[in-house]
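Participant: turn this into a structure:
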Amino acid sequence: MDDKECDRITSIIKQTLQLTNKLNNGIHSDEEVRAIFSEIIGQKVDESVWILPPFYVDYGRNIRVGKRFFMNQNCTFMDRGGITIGDDVFIAPKCNLTTINHDFNPYNRRATFCKPIVIGDRVWIGIGATICPGVTIGENTIIAAGSVVTKDIPPNVIVGGNPARVIKSLLKEHK
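Facilitator: Predicted structure coming up:
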């Protein structure tokens with residue numbers, strides 16, 4: 001909030017809120033949803049992308065999604081730190097991807113810090129999961145419903161809990 005870039009960031013956030021309002025109100029074809037989402041992120045998404053609104057985002061310009069990306073309803077992305085999503089990723093309803101945090105020092109709480117989220121190919125994020133700032137999720141991984149992911153997750157595993165931990169390794173024969 002005290003950052004010299006705050007006015008510019010706030011302006012972009014207001015533009016993004018207008019676009020998300022457009023996305024979330026009314027019935028839109030898949031093509032219209034992709035077009036509005038592309039406007040939000042400032043980059044055209046592949047025709048294979050399927051998004052079910054409503055969708056909530058603060059900034060929007062720092063999101064990149066791969067081919068055959070699917071996102072279900074009521075997800076929230078706080079993307080100022082950058083969110084990169086690979087191909088064939090499924091995100092269930094009510095998931096939160098947050099790249100921003102506040103300083104732990106109560107006298108500097110107005111300061112914000114951003115760290116990117118990177119999601120590998122063929123990841124499935126279960127309903128109501130939260131992915132915290134700075135997390136990388138390896139390919140083929142499943143994040144169980146309701147999990148809170150606070151640290152990097154290796155490829156080919158199932159994780160769950162709060163904080164999320166590896167529950168099971170996935171067999172490589174599933175290719």
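
Participant: can we go C-alpha only for contacts and neighbour counts from here?
Facilitator: Will do.

Participant: SS state for the residue lying farthest from the centre of the chain?
Facilitator: Of all residues in the chain, Tyr107 sits farthest from the chain's C-alpha centroid, using Cα atoms, centre = their mean; the distance is 29.3 Å. Assigned state for Tyr107: helix (three-state reduction, DSSP: H, G, I helix; E, B strand; the rest coil).

Participant: next: Val166.
Facilitator: Looking at Val166 with three-state DSSP, the answer is strand.

Participant: in space, what's closest to it - neighbours in sequence excluded?
Facilitator: Taking Cα to Cα, 6 or more residues apart in numbering as the measure, Val166 lies nearest to Val159, with 4.3 Å between them; neighbours along the chain are not counted.

Participant: counting contacts, what elements does the helix or strand encompassing that neighbour pack onto?
Facilitator: In this assignment (DSSP states H and E), Val159 forms part of strand 157-161. Based on contacts counted as 3 or more Cα pairs under 8 Å, 6 or more residues apart in numbering; DSSP states H and E, the elements that strand 157-161 packs against are strand 142-143, strand 164-169.

Participant: between it and strand 164-169, how big is the angle?
Facilitator: What separates the directions of strand 157-161 and strand 164-169 is an angle of 140 degrees, with axes from the mean of the first three to the mean of the last three Cα atoms, to 10 degrees.

Participant: the protein: helices as residue ranges?
Facilitator: For the chain, the helices defined by DSSP state H occupy 6-24, 30-41.

Participant: and the angle for the shortest one with helix 6-24?
Facilitator: Here helix 30-41 runs at an angle of 170 degrees relative to helix 6-24 (the same axes, to 10 degrees).

Participant: ok, now which ones touch Glu39?
Facilitator: Going by Cα atoms under 8 Å, 6 or more residues apart in numbering, Glu39 touches Leu19.

Participant: rerun that using 6 Å as the cut-off
Facilitator: Not one residue lies near Glu39 by Cα atoms under 6 Å, 6 or more residues apart in numbering.
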